[in-house]
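1. fold the following and give me the result.
(one chain, ligands or ions: 3)
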Amino acid sequence: MTKKTIAVLPGDGIGPEVTRAAIQVLENIARLHDHEFVFKEGLIGGSAIDEKGGPLPLETKEISAASDGILLGAVGGPKWDRLPGANRPEKGLLEIRKALDLYANLRPVKTYSALIESSPLKKEIVADVDFVIIRELTGGLYFGEPKKREEIDGETQAVDTLLYKESEIKRIAERAFQAARVREGKVVSVDKANVLESSRLWRETVDDVHDSYSDVELSHMLVDNAAMQLIAQPTSFDVIVTENTFGDILSDEASMLTGSLGLLPSASMGSTGVGLYEPVHGSAPDIAGENRANPLAAISSAAMMLKYGFGMEKEAEQIEAAIEKVLAEGYRTSDIAAKTDDAVTTTEMTDAVVKALE
Ligand SMILES: NC(=O)C1=CN([C@@H]2O[C@H](COP(=O)(O)OP(=O)(O)OC[C@H]3O[C@@H](n4cnc5c(N)ncnc54)[C@H](O)[C@@H]3O)[C@@H](O)[C@H]2O)C=CC1
Ligand SMILES: CC(C)CC(=O)C(=O)O
Ligand SMILES: [Mg+2]
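-> Ligands and ions are numbered 1, 2, ... in the order given. Just a heads-up that it's a prediction; the model follows:
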């Protein structure tokens with residue numbers, strides 16, 4: 001029997017709906033394997049602003065830092081959209097990533113075989129999509145200072161700073177080369193080195209790190225081209241390593257190769273040993289509270305926690321197999337259903353995954 005403490009940060013919008021689904025699956029995996037998972041809930045994002053006056057209360061930080069793994073839903077929503085940047089729900093997410101030094105965000109993009117037929121893209125291409133985006137998560141544009149507004153000559157201007165230190169690029173490049181060694185051995189580093197100084201440092205540093213990984217094939221690609229190649233030749237990718245903003249955007253784009261943003265999981269890891277696991281999607285205010293959200297990205301993120309955080313590979317595979325099975329049986333939430341009338345609810349999809357675990 002293995003005991004693990006899991007911090008659960010549901011957040012806003014569909015966050016609580018999809019984390020509930022992930023917890024239900026984890027409880028059943030624990031039952032089937034005689035593990036004990038202790039769930040400790042914390043506030044983050046808009047709900048934390050409403051209840052505690054800030055997007056990342058100290059208590060949430062403490063619960064998270066003391067846990068064996070963090071399961072997060074999503075933060076944000078129109079209710080808080082007019083707040084200043086420093087006190088927005090999204091700031092809570094950025095802060096916890098920084099506080100726990102979660103610099104490496106793994107976003108696997110792999111098509112479920114049951115969804116190949118219904119893809120609007122060419123079946124032979126979609127069938128073989130299998131790559132991972134390794135997104136740098138604690139540097140770049142979302143964190144660089146100065147980040148402010150100011151009045152200059154009677155006009156308001158705003159500045160964000162895209163800043164990378166060599167050490168930050170080095171450690172994410174190492175993660176990418178290590179990941180490639182257990183995959184197909186190919187890394188594409190995505191940057192905008194034709195324009196950005198930070199990208200030129202990125203490219204030089206990735207090249208330097210590559211000297212110690214000469215068994216891995218490395219190429220560089222400009223981000224605008226990468227956005228196009230993801231659609232034109234997605235099967236040419238194995239590991240994509242890129243900076244924070246580019247990785248954020250490219251992964252949402254890549255999700256559509258699999259069928260929906262509601263399918264993509266992620267794992268964020270760093271130097272402290274505690275990982276954070278969350279779907280790639282946001283709080284989806286347009287469908288929040290309607291029991292329509294696809295819970296599979298969150299459930300699959302929980303599987304990543306078992307695999308990467310707890311070393312429970314067999315249990316993680318069991319969850320992934322259950323997801324494959326329910327999709328093969330025809331269960332579809334509205335984001336992946338051919339007709340809205342045929343769609344199942346979040347809870348129906350979750351119950352089906354739990355049943356498929358047995
Ligand atoms: N990690 C996080 O907490 C993130 C938070 N956000 C925040 O979420 C809020 C909404 O942002 P959006 O730009 O609308 O992005 P979003 O990712 O929340 O939604 C984009 C579209 O995808 C759909 N979608 C997302 N997840 C889904 C799921 N599980 N099942 C079915 N459909 C799904 C939504 O209904 C919407 O049409 C904003 O406040 C934003 O800042 C956005 C991205 C990530
Ligand atoms: C707060 C944002 C950076 C969240 C987001 O879009 C993401 O991490 O994918
Ligand atoms: Mg995003």
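2. buried stuff in the longest helix anywhere in the chain?
-> Longest helix of the chain, by residue count under DSSP state H: helix 15-33. Neighbour-count burial for helix 15-33 flags 15-26, 28-30 (criterion: 16 or more other Cβ atoms under 10 Å). No exception for glycine: its C-beta is placed from N, CA and C like everyone else's.
3. and it with ligand 2, contact?
-> No: against ligand 2, helix 15-33 shows no contacts by Cβ under 6 Å from any ligand atom, the least distance being 11.9 Å.
4. quick one: residues in contact with the helix or strand following that helix.
-> Sequence-wise, the next helix or strand downstream of helix 15-33 (DSSP states H and E) is strand 36-41. The contact list for strand 36-41, computed with Cβ atoms under 8 Å, 6 or more residues apart in numbering, reads 1-10, 23, 26-27, 30, 63, 67.
5. restrict those to those near ligand 1?
-> Within the contacts of strand 36-41, nothing lies near ligand 1 by Cβ under 6 Å from any ligand atom.
6. highest neighbour count among these?
-> Ranked by neighbour count (other Cβ atoms under 10 Å), the contacts of strand 36-41 have Leu9 at the top, with 30 neighbours.
7. bridging residues for that one?
-> Bridge pairing for Leu9 (DSSP bridges) gives the partners Leu72.
8. wouldn't it be in contact with Ser47 here?
-> No: the criterion here is Cβ atoms under 8 Å, and Leu9 misses it with Ser47 at 9.6 Å.
9. which bits of the stretch 151-300 of the chain sit near ligand 1?
-> Counting by Cβ under 6 Å from any ligand atom, the residues of the stretch 151-300 of the chain near ligand 1 are 261-262, 278, 281-287, 293-294, 297.
10. show me where the stretch 1-150 of the chain has its helices.
-> With helices called from DSSP state H, counting those that start in this stretch, the stretch 1-150 of the chain shows them at 15-33, 46-52, 58-65, 89-99, 123-126.
11. in TSV: the ones you listed, plus mean pLDDT.
-> Shown next, in TSV, are the helices of the stretch 1-150 of the chain (pLDDT from 0 to 100):
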stretch	mean pLDDT
helix 15-33	98
helix 46-52	98
helix 58-65	98
helix 89-99	98
helix 123-126	86
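12. which one of those helices lies nearest to Ile169?
-> Smallest distance to Ile169 across these (Cβ to Cβ): 16.8 Å, for helix 89-99.
13. tell me the angle of that closest one relative to helix 15-33?
-> For helix 89-99 against helix 15-33, the angle by axes from the mean of the first three to the mean of the last three Cα atoms, to 10 degrees is 40 degrees.
14. least trustworthy helix or strand in this protein by mean pLDDT?
-> Ranking every helix and strand in the chain by mean pLDDT, DSSP states H and E puts helix 123-126 at the bottom, with a mean of 86.
15. just how off-centre is that one within its chain?
-> Distance of helix 123-126 from the chain centroid (Cα atoms, centre = their mean, to the nearest Å) equals 24 Å.
16. which residue ranges make up the domains of this protein?
-> In the domain annotation for the chain, the residue ranges read 1-105+260-358, 120-137+164-258 (automatic domain parsing).
17. of the ones you listed, flag the one that's most buried.
-> Highest mean neighbour count of the domains of the chain: domain 1-105+260-358, a mean of 20 (counted as mean count of other Cβ atoms under 10 Å).
18. need the residues of the stretch 151-300 of the chain next to ligand 1 in JSON lines with secondary structure and pLDDT, can you?
-> As requested, those are arranged in JSON lines below (DSSP: H, G, I helix; E, B strand; the rest coil; pLDDT from 0 to 100):
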{"residue": "Leu261", "secondary structure": "helix", "pLDDT": "97"}
{"residue": "Gly262", "secondary structure": "helix", "pLDDT": "98"}
{"residue": "Glu278", "secondary structure": "coil", "pLDDT": "98"}
{"residue": "His281", "secondary structure": "coil", "pLDDT": "98"}
{"residue": "Gly282", "secondary structure": "coil", "pLDDT": "98"}
{"residue": "Ser283", "secondary structure": "coil", "pLDDT": "98"}
{"residue": "Ala284", "secondary structure": "coil", "pLDDT": "98"}
{"residue": "Pro285", "secondary structure": "coil", "pLDDT": "98"}
{"residue": "Asp286", "secondary structure": "coil", "pLDDT": "98"}
{"residue": "Ile287", "secondary structure": "coil", "pLDDT": "98"}
{"residue": "Ala293", "secondary structure": "coil", "pLDDT": "98"}
{"residue": "Asn294", "secondary structure": "coil", "pLDDT": "98"}
{"residue": "Ala297", "secondary structure": "helix", "pLDDT": "98"}
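19. the residues you listed: which two are farthest apart?
-> Glu278 and Asp286 (19.2 Å).
20. re earlier: which strands or helices does the longest helix of the chain pack on?
-> In terms of contacts (3 or more Cβ pairs under 8 Å, 6 or more residues apart in numbering; DSSP states H and E), helix 15-33 is packed against strand 3-11, strand 36-41, strand 69-74, helix 296-304, helix 313-328, helix 346-357.
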